[in-house]
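Undergrad: Give me coordinates for this.
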Amino acid sequence: MTTSQDQDVLDLLLDQHQQIKDLFGQVKSAAGTQKRDKFQELVRLLAMHETAEEEIVHPSARANAGDQVVDERLHEEDEAKHVLAELYDMGVDAPGFDDKFAKLADAVVDHATHEEQDEFAKMRDQRSADELRRMAGIVRAAEAVAPTRPHPQGGESATANLLVGPPLAVFDRIKDAVRDMRQSDS
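TA: Next comes the predicted model:
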């Protein structure tokens, strides 16, 4: 078993990709409050994961995979943020949620596959193991201060995330705490 200190950034992201895939399946098969809770967990993980990738991984991957590959991934992430925000606003019980959610799941899994094949493989070949381990710590730090909801208006660049991400993260975490308090009182 790999400890978090031994884990490199690519293994960390691959683990998160698997968690995201698992959560998509759990949301699809759940109902009621369990579906809502799993969807909220998925939204949080996706928002934090994508923010960290946009701030840390994609800028680093440009040197290995090239601008076109990274720009394509950023475009996919932007589209996914918009759909995820729509789904969040709709709620899991809204008509059309399941169909839109299924399309998002397919797009996100396809996106993750492209990252793994086009970016991660090249980074693994061209970066030292020590550098990839250090990047894992930086990604964890970025996720710790990342928003917990999609904010498509914030952009996908590292600079945009660094400027608007922390204030949005504070607001998101307050909203999450209030939501959780209300749900526990129900």
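Undergrad: in this protein, which ranges drop under the pLDDT threshold?
TA: Applying pLDDT under 70 to the chain flags residues 1-5, 151-186.
Undergrad: All the helices of the protein, in order from the start?
TA: Remark: helices assigned in the chain by DSSP state H are 9-29, 32-52, 58-65, 67-90, 97-114, 121-126, 129-144, 158-185.
Undergrad: Mind putting those into a markdown table with mean neighbour count and distance to residue 150?
TA: Yep, even glycine has a C-beta here, placed from its N, CA and C like the rest. Formatted as a markdown table, these follow (neighbours: other C-beta atoms under 10 Å; distance: least, C-beta to C-beta, whole Å):
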| stretch | mean neighbour count | distance to residue 150 |
| --- | --- | --- |
| helix 9-29 | 17 | 13 |
| helix 32-52 | 20 | 5 |
| helix 58-65 | 19 | 17 |
| helix 67-90 | 17 | 4 |
| helix 97-114 | 15 | 11 |
| helix 121-126 | 14 | 25 |
| helix 129-144 | 16 | 15 |
| helix 158-185 | 14 | 10 |
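Undergrad: Tell me how far residue 21 lies from residue 75.
TA: As judged by C-beta to C-beta, to the nearest Å, residue 21 and residue 75 stand 21 Å apart.
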